[in-house]
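**Student:** Quick check, what structure comes out for this input:
(chains A and B)
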Amino acid sequence: MTIKSKTIQDGKIAIIELRGALIGDDLTDEFRDEVADYIEQGNKCMILNMKRVNYLNSSGIGALITAHTSYRKIGGEIKLIGLSSNIQNLMVITRLIEVFDAYETIEEAIKSFSTK
Amino acid sequence: MNTLNLRIESKTERLSYVREFVSDAAKKFGFDDESIGKIALAVDEACTNIIKHAYGFSPQHNIDIKIVTNKEIFEIIIRHQGKLFDPKLVKTPDLKDYIDHPRRGGLGIHLMRLLMDQVEYKILPNNKCEVHLLKKLQVGK
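**Tutor:** This is a model prediction of the structure:
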């Protein structure tokens, strides 16, 4: 798995792009560390671009939940974009779709922050 | 009744073979892509648990995966000789509580139960353990 990230709007919104499989302790640790770094920097608006995530298992789901909870604790929010049909189905089965805000495009996710 | 067999070493690097093996068999059996994804993930979770908990990441052991098909039944039987495991000790996590207090692990078995029609653990003589994962093909769907 590879992780690319950037900030936009003068650092207000952080965007993490995940590629590959979000599985296993080692791979999810990289993601957990990246999220923790942004929280440490004071970021409160995170977009996770999942468009290139081809596989997700319970470790990956656990990492997403941890990220969501960490942001919620600091009064922040995480939005998901680009969920494939497989991952969307998995989110529905696990009822996580009720927990996460998911959008089709990055523009929609950005707009959702500004409307609050 | 037909069977297919695969033996892998107890390494997480082998899990992609397992997913491919199970996905191919499920496709030939007639499952749609969504069901194939669910079956492959459930088997992946079961094997991951064995590698992690039954064998403690020790890579010199084997995991035997058998697929048994009979009429509309697609069953995967995963056998190992690692540490015995009682699934009754694993409580189904409350999603709200898990979100409030996230922790590593604890989701795999819950996920397997959601993905498959039936999940059973069996302890055999000679300290062998089997995980049975069953999915029915919905004819006409």
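**Student:** is it true that residue A:35 lies in a strand?
**Tutor:** No - assigned with DSSP: H, G, I helix; E, B strand; the rest coil, residue A:35 falls outside any strand and is helix.
**Student:** Give the full set of residues in contact with the closest residue to it other than its chain neighbours.
**Tutor:** The shortest distance from residue A:35 to any non-neighbouring residue, by Cβ to Cβ, 6 or more residues apart in numbering or on different chains, is to residue A:67 (4.5 Å). Heads up, the C-betas are built off the backbone N, CA and C, glycines and all. Applying Cβ atoms under 8 Å, 6 or more residues apart in numbering or on different chains to residue A:67 gives the contacts A:31-32, A:35, A:46, A:48, A:78.
**Student:** Just say helix, strand or coil for residue A:67.
**Tutor:** helix.
**Student:** Could you do residue B:123 as well?
**Tutor:** Quick answer, by three-state DSSP: residue B:123 is strand.
**Student:** Around it, how many other residues sit close by?
**Tutor:** The number of residues packed near residue B:123 is 11, by other Cβ atoms under 10 Å in any protein chain shown.
**Student:** In chain B, spot the helix with the most residues.
**Tutor:** helix B:33-49 (DSSP state H).
**Student:** From residue B:75, how far out is the residue nearest to the spatial centre of chain A?
**Tutor:** By Cα atoms, centre = their mean, chain A has its centre lying nearest to residue A:48, at 3.2 Å. Using Cβ to Cβ, to the nearest Å, we find residue A:48 at a distance of 36 Å from residue B:75.
**Student:** will you turn the contacts of residue A:67 into JSON lines that also has pLDDT, secondary structure and distance to residue B:83?
**Tutor:** Output for those, formatted as JSON lines (pLDDT from 0 to 100; DSSP: H, G, I helix; E, B strand; the rest coil; distance: Cβ to Cβ, whole Å):
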{"residue": "A:31", "pLDDT": "92", "secondary structure": "helix", "distance to residue B:83": "29"}
{"residue": "A:32", "pLDDT": "92", "secondary structure": "helix", "distance to residue B:83": "27"}
{"residue": "A:35", "pLDDT": "95", "secondary structure": "helix", "distance to residue B:83": "33"}
{"residue": "A:46", "pLDDT": "97", "secondary structure": "strand", "distance to residue B:83": "38"}
{"residue": "A:48", "pLDDT": "97", "secondary structure": "strand", "distance to residue B:83": "35"}
{"residue": "A:78", "pLDDT": "96", "secondary structure": "strand", "distance to residue B:83": "36"}
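**Student:** got the contact list for residue 74?
**Tutor:** Using chain A here. A:39, A:44.
**Student:** think we crossed wires, I meant chain B
**Tutor:** B:25-26, B:29, B:31, B:39, B:67, B:134-137.
**Student:** Would the longest helix of chain B count as contacting chain A?
**Tutor:** Yes - with Cβ under 8 Å from any Cβ of the partner chain as the criterion, chain A is reached by helix B:33-49 at B:33-34, B:37-38, B:41, B:44-45, B:48.
**Student:** For residue A:43, which non-adjacent residue is closest in space?
**Tutor:** With Cβ to Cβ, 6+ apart, the residue lying closest to residue A:43 is residue A:14, at 4.7 Å.
**Student:** That neighbour bridge partners, please.
**Tutor:** Per DSSP bridges, the residues bridged to residue A:14 are residue A:7, residue A:46.
**Student:** ditto for residue B:77
**Tutor:** Beta-bridge partners, per DSSP bridges, of residue B:77: residue B:66, residue B:132.
**Student:** Now do the buried residues in the helix or strand bottoming out on mean pLDDT in chain B.
**Tutor:** Ranked by mean pLDDT, DSSP states H and E, the helix or strand of chain B with the weakest confidence is helix B:95-100, at a mean of 78. By neighbour count on 16 or more other Cβ atoms under 10 Å in any protein chain shown, the buried set for helix B:95-100 is B:95, B:98-99.
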